[in-house]
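# Any chance you could fold what I've pasted below:
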Amino acid sequence: MLFSGKTIEEALSKAEIETGRKREYFIYQVLESAKKGFFKNKDINIEITAFKESGKIGYQGGRFIYIKGDISPTIIPTENVQITVN
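I've put the predicted structure just below:
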């Protein structure tokens, strides 16, 4: 998947919109800049080669389990949910 922009930031933002994923999940490389126009303005090209997987937390057999991933999982308690760690 190729994305381009005037900056790496712009190219990553376009990738986030199109893929529906946050940039911290991208495994990408910056490619050579593409020359365009009479004044040879350059765009930055990035290629997303893969996506990182998030770790998972679950509850099984009365115990919490953790499945390792590229990115650590996050616990976000909502209203009426209480988490206690001892």
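# and the spatially most central residue of the chain, what does it touch?
Closest residue to the average C-alpha location of the chain: residue 25 at 2.2 Å, with Cα atoms, centre = their mean. By Cβ atoms under 8 Å, 6 or more residues apart in numbering, the contact list for residue 25 reads 51, 52, 54, 71. (Each C-beta comes from the backbone N, C-alpha and C, glycine too.)
# Let me see the confidence value for the spatially closest residue to residue 69 that is not a sequence neighbour.
Leaving aside its chain neighbours, residue 69 sits nearest to residue 55 (3.5 Å; criterion: Cβ to Cβ, 6 or more residues apart in numbering). As predicted, residue 55 sits at a pLDDT of 88.
# which of the contacts of residue 25 lies closest to residue 11?
Within the contacts of residue 25, distances to residue 11 taken as Cβ to Cβ reach their minimum at residue 51, with 16.1 Å.
# For that closest one, which residues are in contact?
Neighbouring residues of residue 51 by Cβ under 8 Å, 6+ apart: 19, 21, 25, 26, 27.
# Just give the number of residues close to the first one.
When you say that, I think you mean residue 19. If you count neighbours by other Cβ atoms under 10 Å, residue 19 ends up with 15.
# Inside strands: which ones of the contacts of residue 51?
26, 27 (DSSP state E).
# Now render the contacts of residue 51 as JSON lines, adding distance to residue 11.
Converted to JSON lines, those look like this (distance: Cβ to Cβ, whole Å):
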{"residue": "19", "distance to residue 11": "12"}
{"residue": "21", "distance to residue 11": "14"}
{"residue": "25", "distance to residue 11": "15"}
{"residue": "26", "distance to residue 11": "10"}
{"residue": "27", "distance to residue 11": "15"}
